[in-house]
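>>> Predicted model, plus sequence, below.
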Amino acid sequence: MNNIQKHLPKNKPLVVGFLISLIGTLPLGYLNVIGLQLLLENGHLATIQFILGIVFIEFFVLKVVSYGSKWLVQQQKLLLFIDIFTILFFSISAFYFYATIGNEQNFSLKQLQLIQVPFVLGLTLNILNFMQWPYWSGVYLYLFRTQKIKPNSNQNNFFIVGALVGTFVGMILFTEAGNYFLTDKKAIISKYLNIIFTILFSALALIQIINFFLKRNNNNATLKQKTIKIKI
């Protein structure tokens, strides 16, 4: 991602927002997997409503973060809570799907009451996506520091529009590609959905745990350097 950010154009906030969001959306994630499952079970309209719910929450996240990114990255206790919550969320989800492997009834979105209103399902899941707060804060700090977009300017509005379109397009591409390759294998995939979610959430939890300890080590190293400088 850092290499990509270095080659982002200046004074083109719409393009910058679209590229960053598109690239960040395409990798395998639980929102994408749920969007794909929604497409397989309920069709295109439900999937579009689900993605619009995600985009709706992302709009407010980007608006808030664009003004408070510098403050947010300095709130160590808040970031610690986000890290721990994310690890617990992924770990509990992984354990749930692991515990249901082998059951006659595999997980299906039809088991969720919110599936009746896909837009609300997207809203709810993205509200629980706490990782996006520090992610977008880091992105904004980089863009402001490198002057690829100027803070408190109309460029930020164009950036947000580009980011929202990038998220929408990225999720549509992922779900449509998955639907294309799995059209003839829906029944087979449904049998292994619990295993897929177990592996996915376990991997996400592991990644977050590794990032958590790396952050703690970096913070401790930075604190030691500051202490040494003060003593000198």
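Ah, there it is.
>>> Next, the contact list for the most centrally placed residue in the chain, please.
In the chain, the centroid-proximal residue (C-alpha atoms, centre = their mean) is Gln132; its distance is 5.5 Å. Contacts for Gln132 (C-beta atoms under 8 Å, 6 or more residues apart in numbering) come out as 58, 61, 126. To be clear about C-beta, it is placed using only N, CA and C from the backbone, and glycine gets the same treatment.
>>> go with 6 Å
Neighbour list for Gln132: Val61 [criterion: C-beta atoms under 6 Å, 6 or more residues apart in numbering].
>>> quick one: low-confidence parts of the protein?
Within the chain, the ranges that satisfy pLDDT under 70 run 1-10, 27-28, 70, 72-74, 100, 102-115, 182-193, 218-232.
>>> Check the gap between the residue nearest to the centre of the chain and Ile57 for me.
Using C-beta to C-beta, to the nearest Å, one gets 9 Å for the distance from Gln132 to Ile57.
>>> and if you look at His44?
Distance from His44 to Ile57, by C-beta to C-beta: 21 Å.
>>> next one: Ala99
The span separating Ala99 from Ile57 equals 29 Å under the rule C-beta to C-beta.
>>> Who has more neighbours out of the two?
Neighbour count, other C-beta atoms under 10 Å: between Ala99 and Ile57, Ile57 has more, with 18 against 11.
>>> helix, strand or coil for that one?
For Ile57, the assignment made with DSSP: H, G, I helix; E, B strand; the rest coil gives helix.
>>> Roughly how far does it sit from Phe81?
Look at Ile57 and Phe81: by C-beta to C-beta, they are 19 Å apart.
>>> and if you look at Glu41?
34 Å.
>>> what does Val139 give?
Using C-beta to C-beta, one gets 20 Å for the distance from Val139 to Phe81.
>>> Mind checking which of these two has more residues around it?
Comparing Val139 with Phe81 by other C-beta under 10 Å, the one with more neighbours is Val139, at 22 against 12.
>>> and the spatially closest residue to that one that is not a sequence neighbour, how many neighbours?
Distances taken as C-beta to C-beta, 6 or more residues apart in numbering place Ile20 nearest to Val139, at 6.1 Å, with adjacent residues excluded. Ile20: 24 surrounding residues under other C-beta under 10 Å.
>>> What about Asn129? Give its phi and psi, please.
Torsion angles at Asn129 (phi, psi; degrees, to the nearest 10) stand at phi -80, psi 70.
>>> In space, what's closest to it - neighbours in sequence excluded?
Closest to Asn129 by C-beta to C-beta, 6+ apart is Leu31, at 7.0 Å.
>>> Pull the residues that contact the helix or strand encompassing the one you found.
In the assignment (DSSP states H and E), Leu31 maps to helix 30-42. Applying C-beta under 6 Å, 6+ apart, the set of residues contacting helix 30-42 from outside is 46-47, 50, 109, 171, 174-175, 178-179, 186.
>>> Same question for stretch 88-101.
194-195, 197-198, 201-202, 204-205.
>>> Stretch 47-60 now?
With C-beta under 6 Å, 6+ apart, stretch 47-60 has contacts from 35, 38-39, 118-119, 121-123, 126-127, 164, 167-168, 171, 175.
>>> nearest to Lys77, of the residues you listed?
Comparing the contacts of stretch 47-60 against Lys77 with C-beta to C-beta places Ile127 closest, at 20.6 Å.
>>> how far away is the spatially closest residue to the closest one that is not a sequence neighbour from Thr175?
Excluding its sequence neighbours, the residue lying closest to Ile127 (C-beta to C-beta, 6+ apart) is Ile57, at 5.8 Å. For Ile57, the distance to Thr175 (C-beta to C-beta) stands at 18 Å.
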